[in-house]
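Enquirer: coordinates only, no sequence provided:
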């Protein structure tokens, strides 16, 4: 499912216009991005939670040349599915 299909599904399920569904989805995504960029966590009970963790700098290898390269430290977003979501997927 892509973003357009998700907007269509939200509009149908909530019985709202596609414009309103798109606005709601974009607001949700913007708020998730803003919250995570501040380093905060988001938890939707039953669905899952998003958090940010730091990945340390490390050395890796270029698979084509075998040469050692330095991989910079960075922040990564992690998602942990909630029990209800896991249950729905594993039916």
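Expert: Alright, I've got the coordinates. Here the structure is a predicted model, which is why all the values come from computation and not from measurement.
Enquirer: so which elements touch the longest helix along the chain?
Expert: In the chain, assigned by DSSP state H, the helix with the most residues is helix 18-37. Packing partners of helix 18-37 (3 or more C-beta pairs under 8 Å, 6 or more residues apart in numbering; DSSP states H and E): helix 3-14, strand 42-44, strand 48-55. Quick note: C-beta positions are derived from backbone N, CA and C, even for glycine.
Enquirer: any idea how far residue 10 is from the closest residue to residue 8 other than its chain neighbours?
Expert: Once flanking residues are discounted, residue 8 sits nearest to residue 18: 6.6 Å by C-beta to C-beta, 6 or more residues apart in numbering. Separation of residue 18 from residue 10 (C-beta to C-beta, to the nearest Å): 9 Å.
Enquirer: who has more neighbours, the two?
Expert: Neighbours per residue (other C-beta atoms under 10 Å) separate residue 18 from residue 10, with residue 10 holding more: 17 against 13.
Enquirer: would you map out the domains in this protein?
Expert: Under the TED database, the residue ranges defining each domain of the chain are 1-40, 41-90.
Enquirer: end to end, how far does the shortest one reach?
Expert: Using C-alpha to C-alpha, to the nearest Å, the span of domain 1-40 from its first residue to its last is 28 Å.
Enquirer: next one: the last one
Expert: From the first residue to the last, domain 41-90 extends over 26 Å; the measure is C-alpha to C-alpha.
Enquirer: gap between it and the chain center?
Expert: Distance of domain 41-90 from its chain centroid, counting by C-alpha atoms, centre = their mean, to the nearest Å, is 10 Å.
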